[in-house]
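Trainee: only the shape, not the letters, is given here:
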């Protein structure tokens, strides 16, 4: 199926954001669902240039910038379908009044602004509420040489092992001046600014270490 067939101009106009909420369940105002607009400028740019971009990947001419990894085309194709009713939707029905709300399925792909924003909000909320203590943090970045990136991308276990070694070395460095364990949260990034294969690791690390000490009551407590 061609990109133009996936999302025509008529389709873009047909699926506009839902209308504001209506009376539901005894007169209470139900919040209206506002879907991501499938006819956004970014969607149109991808739709109008995807085929040409794919042809360029297959037959590059002359000196070209870093070529994106193959998965980029699949991600762009899914992005075109993201938030469009014709590619799938979920119906939510109120058990009391029977009011229906249809929500288009999302692509959940990296690079989609809508899905990335949702994923970022969820991960940030979970990290702040359940994982990270309220202390200062720094960002650490590990960059991998180009010759190793293909092997790390081909075998996810290698990328996980690299992140683990990175964590051990950070722990070793921070424990030189104090005894304890730093808090760490790692993210493996697989592409660069040109959508090229560029595996590197971002780490959120506490600016210090946590240790167990005895308080005046003889009980152990975590101290930063």
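Mentor: Thanks, I have the structure now. This is a predicted model, so every value here is computed, not measured. Residues are numbered from 1 along each chain as shown.
Trainee: in the helix or strand where residue 121 lies, what counts as buried?
Mentor: If you go by DSSP states H and E, residue 121 is part of helix 113-126. Across helix 113-126, burial judged by 16 or more other Cβ atoms under 10 Å covers 114-115. For the C-beta atoms, the positions are set from N, CA and C on the backbone; glycine is no exception.
Trainee: give me the buried positions along the next helix or strand after it.
Mentor: Helices and strands here follow DSSP H and E; after helix 113-126, the next one along the chain is strand 137-143. For strand 137-143, the neighbour count (16+ other Cβ under 10 Å) marks 137, 140, 142 as buried.
Trainee: for the residues you listed, give me JSON lines that also has pLDDT and distance to residue 104.
Mentor: As requested, the buried residues of strand 137-143 are exported to JSON lines (pLDDT from 0 to 100; distance: Cβ to Cβ, whole Å):
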{"residue": "137", "pLDDT": "93", "distance to residue 104": "36"}
{"residue": "140", "pLDDT": "96", "distance to residue 104": "38"}
{"residue": "142", "pLDDT": "94", "distance to residue 104": "38"}
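Trainee: what ranges do the helices span in the chain?
Mentor: 3-6, 9-14, 41-58, 71-81, 113-126, 146-154, 156-174 (DSSP state H).
Trainee: give me whichever of those is most buried.
Mentor: Stretch with highest mean neighbour count among these: helix 71-81 (a mean of 18; mean count of other Cβ atoms under 10 Å).
Trainee: tell me the angle it makes with helix 146-154.
Mentor: Calculated by axes from the mean of the first three to the mean of the last three Cα atoms, to 10 degrees, helix 71-81 forms an angle of 50 degrees with helix 146-154.
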